[in-house]
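>>> coordinates only, sequence not included:
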């Protein structure tokens, strides 16, 4: 046993000695990056936080242009006084022209090949050039933290469906599933909002939905949502907030190809313009919410089929239920896919009454 352990220990010590050590004070940590397509080249912008004693974080950026995306980090190293490392990268933004025309596949390939970049990296597309989104002033903790928290909390507690580097690459490499990313809009030098969701085909944005439709899209692809939905009754209006939602798909026929989608939503009545909320009003509100969800989700699915994208993943779902599934045949079947959508809404409790 001793004869076996000694070589193992020697090998382990040698491997530890080969690890490159970094002292945090002697490197620049890239926490955010932005990519645009300008004058036939990819322009990359790296965001590096500068921590000053008893002051807000200073946002420093480095910019370089190159024909190849992998040359970006090498080029900006010549501008940095300390080695620039990507181990703390939190968020990556893609400019509108780059996402729509050039595409982001080369960049995504470089991210997945970099072992220092985590799979939970947040990605987003921007309205206009992405460089300006890193050059704002969004609080004391730095722009990368602001952008990361903006995307994260809207995915966890609001209407943005969950996605990151790992999920995007999985959807991209999975036949029968269209990848998507949140879309950002810069309101001013100190404020950014999530303005919608963008959908990709072959690495390019081919369609986007506005923020008003994110609630319904998330119901189709996520098991959990805390979004707010308003409905109008005959005389009154009401607003509900979902506390938990689940969706389930079932293949009911192959000729014609038919899928049933059922969404179960438990909600809280947050506001009601009437004077009293009786069981009758509760039932009416539930019915109106169900009809609105069914109508909006059916319209979304219709739009997706018209644009030849499948972010809900019907193709992937049907493949899992079908032996010898043919994706070449699916391309012609998808536009004619029949989807029966049903919403089941239960209001668990009532809230504010005007």
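Great, that's in hand. All values derive from a computational prediction rather than experimental measurement.

>>> buried stuff in the helix or strand encompassing residue 266?
Element membership of residue 266, judged by DSSP states H and E, is strand 257-272. Residues of strand 257-272 classed as buried: 257, 259, 261, 263, 265, 267, 268, 269, 271, 272 (neighbour count, 16 or more other Cβ atoms under 10 Å). Backbone N, C-alpha and C define where each C-beta goes, glycine included.

>>> helices along the stretch 101-250 of the chain, start to end?
Listed in chain order, the helices found in the stretch 101-250 of the chain under DSSP state H, counting those that start in this stretch are 105-113, 131-134, 143-157, 165-173, 214-221.

>>> try the stretch 251-354 of the chain
Assignment of helices within the stretch 251-354 of the chain using DSSP H, counting those that start in this stretch yields the ranges 279-306, 314-321, 327-333.

>>> which one of the helices of the stretch 101-250 of the chain has the poorest average confidence?
Taking the average pLDDT of each of the helices of the stretch 101-250 of the chain, the minimum falls on helix 105-113, with a mean of 86.

>>> what is that helix packed up against?
Counting contacts by 3 or more Cβ pairs under 8 Å, 6 or more residues apart in numbering; DSSP states H and E, helix 105-113 packs against strand 91-94, helix 165-173.

>>> so how far is it off the chain centroid?
In this view, helix 105-113 has its centroid 17 Å away from the chain centroid, taken as Cα atoms, centre = their mean, to the nearest Å.

>>> what does it contact?
Here helix 105-113 makes contact (Cβ atoms under 8 Å, 6 or more residues apart in numbering) with 35, 42, 68-70, 92, 94, 117, 121, 165, 168-169, 172, 202-203.

>>> tell me the buried residues in that helix?
By neighbour count, and taking 16+ other Cβ under 10 Å as the criterion, the buried residues in helix 105-113 are 107, 108, 110, 111.

>>> which pair in these spans the largest distance?
For these, the farthest-apart pair by Cβ to Cβ is 108 and 110; their separation is 7.4 Å.

>>> pLDDT weak spots in the stretch 251-354 of the chain?
Across the stretch 251-354 of the chain, the ranges flagged by pLDDT under 70 are 351-354.

>>> now with 90?
Counting by pLDDT under 90, the stretch 251-354 of the chain contains low-confidence residues at 255-256, 267-282, 285, 322-329, 331, 348-354.

>>> tell me the domain ranges of this protein?
Per automatic domain parsing, the domain ranges recorded for the chain read 20-211, 223-353.

>>> pick the most buried one from those.
Compared across those, domain 20-211 shows the largest average neighbour count, a mean of 17 (mean count of other Cβ atoms under 10 Å).

>>> centre of the chain to it, how far?
From the chain centre to the centre of domain 20-211 is a distance of 12 Å (Cα atoms, centre = their mean).

>>> residue 338 bridge partners, please.
Taking DSSP bridges, one obtains residue 258 as the residues bridged to residue 338.

>>> report the contact partners of it.
In this structure, residue 338 makes contact with 253, 256, 257, 258, 259, judged by Cβ under 8 Å, 6+ apart.

>>> with residue 32 instead?
So, once contact is read as Cβ under 8 Å, 6+ apart, residue 32 ends up touching 46, 47, 89, 90, 91, 92, 93, 134, 143, 144, 147.

>>> run the last query once more with 6 Å
Taking Cβ atoms under 6 Å, 6 or more residues apart in numbering, we find residue 32 in contact with 47, 91, 134, 144.

>>> how much space between the last one and residue 76?
It refers to residue 144. As judged by Cβ to Cβ, to the nearest Å, residue 144 and residue 76 stand 16 Å apart.

>>> now do the first one
When distance is defined by Cβ to Cβ, residue 47 is 11 Å away from residue 76.

>>> where do the contact lists of the two overlap?
Here residue 47 and residue 76 share no contacting residue, scored by Cβ under 6 Å, 6+ apart.

>>> I'd say residue 166 and residue 119 touch.
Yes: applying Cβ atoms under 6 Å as the test, residue 166 and residue 119 come out as touching, 3.8 Å apart.

>>> what about residue 44, is that helix, strand or coil?
When the structure is split into helix, strand and coil by DSSP: H, G, I helix; E, B strand; the rest coil, residue 44 lands in strand.

>>> now do it against residue 111, distance only.
Shown here: residue 44 relative to residue 111, a distance of 12 Å by Cβ to Cβ.

>>> and residue 132, by the same measure?
Residue 132 is 22 Å from residue 111, where distance means Cβ to Cβ.

>>> same question for residue 156.
Using Cβ to Cβ, one obtains 23 Å as the distance from residue 156 to residue 111.

>>> got it, and residue 242?
Plainly put, residue 242 is 33 Å away from residue 111 if you go by Cβ to Cβ.

>>> how about a markdown table for the helices of the stretch 101-250 of the chain, with distance to residue 57 added?
Listed next are those as a markdown table, based on distance: least, Cβ to Cβ, whole Å:
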| stretch | distance to residue 57 |
| --- | --- |
| helix 105-113 | 24 |
| helix 131-134 | 13 |
| helix 143-157 | 8 |
| helix 165-173 | 24 |
| helix 214-221 | 30 |
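
>>> many thanks, we can stop here.
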